[in-house]
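# Would you be able to build a 3D model of this:
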Amino acid sequence: MTDKTKMKQRTRKRGFTLVEMLVVISIIGVLASMVVGLAGGATKQSRMKRVKSDLQNIVTAIDRFKSKYGSYPPDNGRVTVSGGQTNYLAVPNQLFYELVGSVHRLNAAGQSEFYVPQLGLTAKQGDIKTWFGVEGFVNATENMKDVENFLPNFKTNDVARIPMTTQTPLVGLRVAVKNPGTNENFWYYRSTNPTNNPTSYDLWAVVVIGKNTNIISNW
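Here you go, the predicted structure:
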């Protein structure tokens, strides 16, 4: 056997055939798709877990509110009438203001307003009535030291500005997961004639992940 023949045999032993390479590539592709699928599932579970955790925190705060005031936080007093049926709006709502508390005071112009120390924001009474349909908040006080916060673990990124044309930066409780095509996602709240919990209130969030629409609620 010549040296050239031995070299050719050694070359064939070291390399992969085309079929072998295609098989390896196929296996790598299958493994990669499995990893991506698992990662996507883990991401969905993580998002759902975060929203469910926030739901429980809000429920606890609402229960604490009821223990003090004897009733659940008021919802958006605005209504729509369709076919003779009155429908109470669930969002935007003033749930954030009721749970963290505010200071009721008069500004320099003698106008009634509500100051939220948790955010350092002020809401005018006129705008509150326009957007929430109420004159003020139950959990409001005249003295700063008497403000009661039922959401002690509240963070500034738990709220977002409600889209509006007025200059008053009214805010609402935001859902941790944004939905496709939306700037913000807010918690829905209804204590007036709730549909699912007739004796208490309905609290829910709509979370869209991929092609699935998920309702995370207290019912």
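# Contacts only, for Gln209.
Gln isn't right for residue 209; it's Ile. Contact partners of Ile209, counting by CB atoms under 8 Å, 6 or more residues apart in numbering, are 44, 47-48, 177. For every residue, glycine as well, the C-beta is placed using N, CA and C.
# so what pLDDT did it get?
According to the prediction, Ile209 has pLDDT 88.
# again with Val36
54.
# OK, contacts around the residue nearest the centre of the chain?
For the chain, the residue nearest the mean C-alpha position is Val175 (0.4 Å; CA atoms, centre = their mean). Val175 makes contact with 51, 54, 185-187, 205-207, according to CB under 8 Å, 6+ apart.
# try it again with 6 Å
185, 187, 205 (CB atoms under 6 Å, 6 or more residues apart in numbering).
# Format the residues you listed as TSV; extra columns: neighbour count and distance to Thr141.
Putting those into TSV (neighbours: other CB atoms under 10 Å; distance: CB to CB, whole Å) gives the following:
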residue	neighbour count	distance to Thr141
Asn185	18	31
Trp187	23	24
Ala205	23	29
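# so which strand or helix has Ile216?
Using DSSP states H and E, the element containing Ile216 is strand 212-217.
# contacts for that strand?
51-52, 55, 204-205, 207.
# how about these in CSV, adding secondary structure and distance to Asn107?
Formatted as CSV, those follow (DSSP: H, G, I helix; E, B strand; the rest coil; distance: CB to CB, whole Å):
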residue, secondary structure, distance to Asn107
Val51, helix, 37
Lys52, helix, 40
Leu55, helix, 36
Trp204, strand, 36
Ala205, strand, 34
Val207, strand, 39
